[in-house]
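J.: my questions concern the predicted model and sequence given below.
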Amino acid sequence: MNNTLVNLANVILNVLMLVSAYLSGLIIDKSGRKSVLLYGEVFCAILLGLTALFSLEEWNAYCVALFIILYCTSFGMSLGPIVWMYMPEIVPFKAVSLASSFNWLCSAILGLFFDTM
């Protein structure tokens with residue numbers, strides 16, 4: 001893919017993530033966390049399966065990019081924000097900041113060493 005197309009996909013992904021973060025609050029309030037979590041898991045699993053299936057052939061690069069963008073949008077509307085909503089409910093109030101910091105630390109370590117895994 002050329003550089004312009006990669007930049008366009010990046011902009012589209014970031015705009016969709018922003019919109020999905022906003023919409024997640026509205027959807028979770030109306031539908032409830034459990035149903036949003038379950039539907040989000042199903043959509044994410046289907047999209048990851050389609051990504052794996054279509055990545056077997058090189059000519060499907062655009063389909064794979066589309067499935068990844070849809071996966072990120074689905075994750076941003078369901079699995080991503082619900083974890084942050086559950087944390088204050090299951091962790092004592094004084095430990096929420098520690099649990100949140102540990103979550104970010106683990107994410108940073110994973111991001112740092114992901115290429116070498």
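T.: Structure received. Every value quoted in this text rests on a predicted model; they were computed, and no experiment measured them.
J.: so which elements touch the helix or strand bottoming out on mean pLDDT in the chain?
T.: Scoring the helices and strands of the chain by mean pLDDT, DSSP states H and E places helix 79-90 at the bottom, with a mean of 82. Helices and strands in packing contact with helix 79-90 are listed as helix 3-31, helix 33-54, helix 96-113; criterion 3 or more C-beta pairs under 8 Å, 6 or more residues apart in numbering; DSSP states H and E. Yep, even glycine has a C-beta here, placed from its N, CA and C like the rest.
J.: packing partners for the first one?
T.: In other words, helix 3-31. In terms of contacts (3+ C-beta pairs under 8 Å, 6+ apart), helix 3-31 is packed against helix 33-54, helix 61-77, helix 79-90.
J.: and for the second one?
T.: In terms of contacts (3+ C-beta pairs under 8 Å, 6+ apart), helix 33-54 is packed against helix 3-31, helix 61-77, helix 79-90.
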